[in-house]
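K.L.:
Structure, please.
(one chain, ligands or ions: 1)
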Amino acid sequence: MELKFSKMEGLGNDFVVIDDREQLVENKVSYNDLSIRVCDRHFGIGADGLIVVLNSESHDIKFRIFNPDGSEPEMCGNGIRCYAKYVHDNRIINKLEFKVDTLAGTIIPKVNIGEDGLVDTVKVDMGEPILKTKDIPFISENEIAISENLNVDGKEVKVTTVSMGNPHAIIFVDDIKTAPVSTLGPKVETHERFPEKTNVEFINIISRNEMNMRVWERGAGETLACGTGASASLVAATLNNFTDNKVLIHLLGGDLTIELDKNNNHVFKTGPATLVFDGILKI
Ligand SMILES: N[C@@H](CCC[C@H](N)C(=O)O)C(=O)O
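P.N.:
Coordinates of the predicted model:
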């Protein structure tokens, strides 16, 4: 079978996007196995995730995302912008704002059209952050974990935990360049107090409206950017009273603007989405 795909990226967080509304792919191969295959940077296309476009009975359209290790996370902030560009530019959805069915609930992207008539940037209503440790899930005696000690190899590391539908542990550091992303990241990701594992963000505060971020993603390793991670990090920074409600976040792959709307407690994220190339894969 020949499978059409688009290779897309949002701030260097890159994805293989496929349209399986007719479920022809799923009848042939599991999305989990396909993700392991296509995400491989040596033997596959190379990506931080596989995104699948599906029909939804309750929403305009449905989104599923798979990590390079084959696991299925609930949401992906950079991925949803690429997805919004894909469904708009391929005329699957003919609206500028639409409701997407995800494992993290309803997500609402609003696309901005560039001079070429195609989607340029996307503003996403990421919904409300989840703070209760039992819902993240993070095993803790506290209802909410703000700079709580986590014992890693005998040393205490302070984590603030937030879910944007998927789990995040935020660690504040003095220097982003020397942050122990590839050493501490995997240990926190697989720590026994995170029963569903976690994404791990390292944040360096620059001012009350600007910060640096690096991320160790669950099921993927260090990536150039993470949209749910950036959203969770703003929430964590406000919980610690380090920033105001709107921040510019510098990631390895570029900048994101994130805002926590105090009126409805929703997080809004604005950033680019880019088509890298289209291709055909034999499966
Ligand atoms: N890159 C994403 C997050 C993708 C899912 C994550 N690895 C997880 O397992 O939760 C983003 O931009 O949010």
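
K.L.:
N13 versus A179, what's the distance?
P.N.:
Distance check for A179 against N13: by C-beta to C-beta, to the nearest Å, it reads 18 Å. All C-beta spots, glycine's among them, are computed from the backbone N, C-alpha and C.

K.L.:
Those two: who's more crowded?
P.N.:
N13 (30 against 23; other C-beta atoms under 10 Å).

K.L.:
for that one, what are its contacts?
P.N.:
By C-beta atoms under 8 Å, 6 or more residues apart in numbering, the contact set of N13 is D48, N78, G79, T223, L224, A225, C226, G227, G253.

K.L.:
Against L239, how distant is the last one?
P.N.:
Between G253 and L239 the distance, using C-beta to C-beta, works out to 25 Å.

K.L.:
same deal with the fifth one?
P.N.:
Applying C-beta to C-beta, the value for L224 to L239 is 26 Å.

K.L.:
So A232, which state does it fall into?
P.N.:
helix (DSSP: H, G, I helix; E, B strand; the rest coil).

K.L.:
May I have the phi/psi pair for A237?
P.N.:
Main-chain torsions, A237, degrees, to the nearest 10: phi -70, psi -40.

K.L.:
Quick one, grab the pLDDT at it.
P.N.:
The score at A237 is 98. That number is its pLDDT.

K.L.:
neighbouring contacts of stretch 154-162?
P.N.:
Counting by C-beta under 8 Å, 6+ apart, 129-131, 133, 136, 138, 140, 145-151, 167-172, 184, 188, 198, 232-233, 235-236, 239-240 sit against stretch 154-162.

K.L.:
List the contacts of E196.
P.N.:
E196 is in contact with P137, P167, counting by C-beta under 8 Å, 6+ apart.

K.L.:
What segments of the stretch 151-283 of the chain are helices?
P.N.:
All helices of the stretch 151-283 of the chain, identified by DSSP state H, counting those that start in this stretch, fall at 181-189, 227-239.

K.L.:
can you redo the ones you listed as a markdown table with distance to V276?
P.N.:
Below are those laid out as a markdown table (distance: least, C-beta to C-beta, whole Å):
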| stretch | distance to V276 |
| --- | --- |
| helix 181-189 | 24 |
| helix 227-239 | 17 |
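
K.L.:
Strands of the stretch 1-150 of the chain, residue ranges please.
P.N.:
Taking DSSP state E, counting those that start in this stretch as the test, the strands found in the stretch 1-150 of the chain are 2-10, 13-19, 49-54, 61-66, 100-102, 105-113, 119-125, 148-152.

K.L.:
name the helices or strands packed onto the first one?
P.N.:
In terms of contact count using 3 or more C-beta pairs under 8 Å, 6 or more residues apart in numbering; DSSP states H and E, strand 2-10 is assigned the packing partners strand 13-19, helix 77-89, strand 274-282.
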